[in-house]
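Novice: how does the following fold in three dimensions:
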Amino acid sequence: MELGRVGIWNRVVAEGRPDSAEAAAELEELGYGAVWIGGSPPVSMAENVLAATERIVVGTSILNIWQHEPADVAAKSQAANEKHNDRFVLGLGASHGPAVANYAKPLSKMREFLAGLDAAGHPREKRVLAALGPKMLELSATEAAGAVPYLTTPEHTARARDILGAGPLLVPELKVALTNDPAKGREIAREHLSIYLKLPNYVNNLRTLGFDDADLTDGGSDRFVNGTVAIGDENVVDEWVQRHLDAGADHVAIQVLNDPLPRAEWRTLAGLTQAHA
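Specialist: Residues are numbered from 1 along each chain as shown. Here you go, the predicted model:
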């Protein structure tokens, strides 16, 4: 997969509306290497972006394995790649206990789902896993093309690279509040981050990165917000992207928090695609 070094993480761009299709086409024109569709998108949402573009890689970030059958996902993934010049990558994740009925043993569930994909002929090099902890990262290296960690830090990227080794793909998501007003940036960030502080998978991983109870309650401390969100202008975002790349990332998926479909901000940040080519 020719991802380039910088891509975009967004969900609205894949919703199939005229403005979404226009935004997808513009992302390609701006030089971004990939579009990562947020939330729990089915393969059909990726098809919306694929149909609006010609070259850019499109991935799910992530498809919820509790909501789909592997044989069906494999068939739809193959169809998307056959129709759209082999540009689709299947991002898979085990979601979170509060969001899934009868949630248990996510690693075992992921192994089971991957075995189902194998049985249906889905190629391992066309899938990546939402991985935070060591065991899921190890699985990303052996049963997939790599990992797409979410809500992490450059320190986690370095840790993940050590576990994955030199070969597998590593694509961390990076949250961005594009503003020169730090207080406004933290306000934007906190509104976005609040839901994740209720999800044990993220909270537990953040604790391993040095955040404590004081950081992860009451909307999150300034230290937590400043440590997980790039707040500032395009130069600040550039520094954050470089930190992830220096830590071992192959590609950084930028999630701009300013607006659901932040086209103006994407234009402002488009120079990063050349700076990190």
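Novice: and the closest residue in space to Ser194 that isn't next to it in sequence, what element?
Specialist: In this structure, Ser194 finds its nearest non-sequential neighbour in Gly219, 6.1 Å apart by C-beta to C-beta, 6 or more residues apart in numbering. Using the backbone N, CA and C atoms, a C-beta is placed for each residue, glycine as well. Element membership for Gly219, per DSSP states H and E: none, as it lies in no helix or strand.
Novice: how about the CA coordinates for the host helix or strand of Arg186, as PDB?
Specialist: Using DSSP H and E, the element containing Arg186 is helix 182-193. What follows is helix 182-193, C-alpha atoms only, in PDB (Å, rounded to 0.1, in the frame of the first residue of the first chain):
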ATOM      1  CA  PRO A 182      -4.500  27.400  23.500                       C
ATOM      2  CA  ALA A 183      -7.600  27.800  25.700                       C
ATOM      3  CA  LYS A 184      -9.900  27.400  22.700                       C
ATOM      4  CA  GLY A 185      -7.900  24.400  21.500                       C
ATOM      5  CA  ARG A 186      -8.200  22.700  24.900                       C
ATOM      6  CA  GLU A 187     -12.000  23.400  24.800                       C
ATOM      7  CA  ILE A 188     -12.300  21.700  21.400                       C
ATOM      8  CA  ALA A 189     -10.100  18.800  22.600                       C
ATOM      9  CA  ARG A 190     -12.000  18.200  25.800                       C
ATOM     10  CA  GLU A 191     -15.300  18.100  24.100                       C
ATOM     11  CA  HIS A 192     -14.000  15.400  21.800                       C
ATOM     12  CA  LEU A 193     -12.000  13.500  24.400                       C
END
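Novice: contacting residues around that helix?
Specialist: Outside helix 182-193, the residues within contact range by C-beta atoms under 8 Å, 6 or more residues apart in numbering are 151, 175, 177, 179, 219-220, 222, 224-226, 228-229, 231-232, 257-258.
Novice: mind listing the helices for the stretch 151-277 of the chain?
Specialist: Along the stretch 151-277 of the chain, counting by DSSP state H, counting those that start in this stretch, helices occupy 154-164, 182-193, 200-208, 222-228, 234-247, 263-269, 272-275.
Novice: that older thread, and which of the contacts of helix 182-193 is nearest to Ile195?
Specialist: Leu151 (10.4 Å; C-beta to C-beta).
Novice: the closest one contacts Pro172, correct?
Specialist: No - the criterion here is C-beta atoms under 8 Å, and Leu151 misses it with Pro172 at 9.3 Å.
Novice: tell me which of the two has more neighbours.
Specialist: The residue with more neighbours, out of Leu151 and Pro172, is Pro172; 26 against 22, by other C-beta atoms under 10 Å.
Novice: from Val57, how far off is the more buried one?
Specialist: 16 Å (C-beta to C-beta, to the nearest Å).
Novice: and Ile163, by the same measure?
Specialist: 24 Å.
Novice: between these two, which is the more surrounded one?
Specialist: The residue with more neighbours, out of Ile163 and Val57, is Val57; 22 against 18, by other C-beta under 10 Å.
Novice: not counting its neighbours along the chain, what's nearest that one?
Specialist: Ala34 (4.1 Å).
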